[in-house]
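>>> the sequence and its predicted three-dimensional model are supplied below.
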Amino acid sequence: MDVLVNSSYGGLVAIAPHFGKPFWERPTAVFDEAMNIGVRSSYVMSKFVAPIMVQKKEGLIIQTSSLGSFLYAFDVAYGVVHAGMDKLTADMAIELREHGVQTITLHPQGGCNTELMKWPGAENTVFVGRAALSLSDQASISELNEMNGKIVFTGELAQKYGFAHDNDPNGEITATKIEEAKFFRSLANKVQFQNQQEVNLEDYNSKTLPWKLSDSNVKGSDMEEFFKGFRI
């Protein structure tokens, strides 16, 4: 076992019937689905694979996550779970470091289109897969150690390791993803709201993207055009 990629998530399917509702009007099953097929499943898989890697003194564990870990997105559970994914990576890295095993969180930019859902402008599974493959096949040990416990974006890896998006003969999609990565990195590098004691809630809501998928938050905003194409 050389590489483990934890990429399963049940939250989007669970929240689909409840878009636009606050957390207190959603069944607790929405949170449970997001947590169980997400943080818990990634923890359990890592727990059973880690001993194999530790014995070999090498290995790579990759978690996929989302900008919901550092911005409000969709609902409370979505943010909690993805912040948990990033923290899972960071803390596993500390315990695995002395055993030659790295853990990295991979963030697709703008979501990933799968058989269950489609986002306008999202990446496809091939592009995200190539990002994971670049970490396992192209990144040096020193580069993996530098990324160990941290978030990396697919566009950053595409630029660094030279892979492209599928069906992109002119390179336009890939170039867009590389540029998007710079924007996402700037957001990720900001101190999170809960740690900004001098920033109040109104400042946070007006300066970020509150993706609640309700008319009050989306209509007339920059995200209105984006969510016209959303389906699940």
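Nice, thanks for sending it over.

>>> all contacts plus neighbour counts: C-alpha atoms, from now on.
Noted.

>>> verify the stated contact: G155 with F183.
No. Using Cα atoms under 8 Å, G155 makes no contact with F183, being 10.5 Å away.

>>> of the two, which one has the most company?
When G155 and F183 are compared for neighbours, G155 comes out ahead with 28 against 12, by other Cα atoms under 10 Å.

>>> looks to me like that one is in a strand.
No. Counting by DSSP: H, G, I helix; E, B strand; the rest coil, G155 falls outside a strand, being helix.

>>> ranges for the strands of this protein?
3-6, 59-64, 101-107, 112-113, 123-124, 151-153 (DSSP state E).

>>> okay, angle between the second one and strand 101-107 too, please.
Our comparison of strand 59-64 with strand 101-107, counting by axes from the mean of the first three to the mean of the last three Cα atoms, to 10 degrees, yields an angle of 20 degrees.

>>> next, count neighbours for A188.
That count, for A188 with other Cα under 10 Å as the rule, works out to 16.

>>> pretty sure it contacts F70?
Yes. In this structure, A188 is within contact of F70 by Cα under 8 Å, at 6.3 Å.

>>> could you say which of the strands of the chain is packed most deeply?
Mean neighbours per residue, mean count of other Cα atoms under 10 Å, is largest over these for strand 101-107, with a mean of 27.

>>> quick one: mean pLDDT for that strand?
Mean per-residue pLDDT for strand 101-107: 97.

>>> just checking, what packs against that strand?
Applying 3 or more Cα pairs under 8 Å, 6 or more residues apart in numbering; DSSP states H and E, we find strand 101-107 packed against strand 59-64, helix 76-96, helix 141-147, strand 151-153.

>>> out of the ones you listed, which is the most enclosed?
Ranked by mean neighbour count, those are led by strand 59-64 with a mean of 24 (mean count of other Cα under 10 Å).
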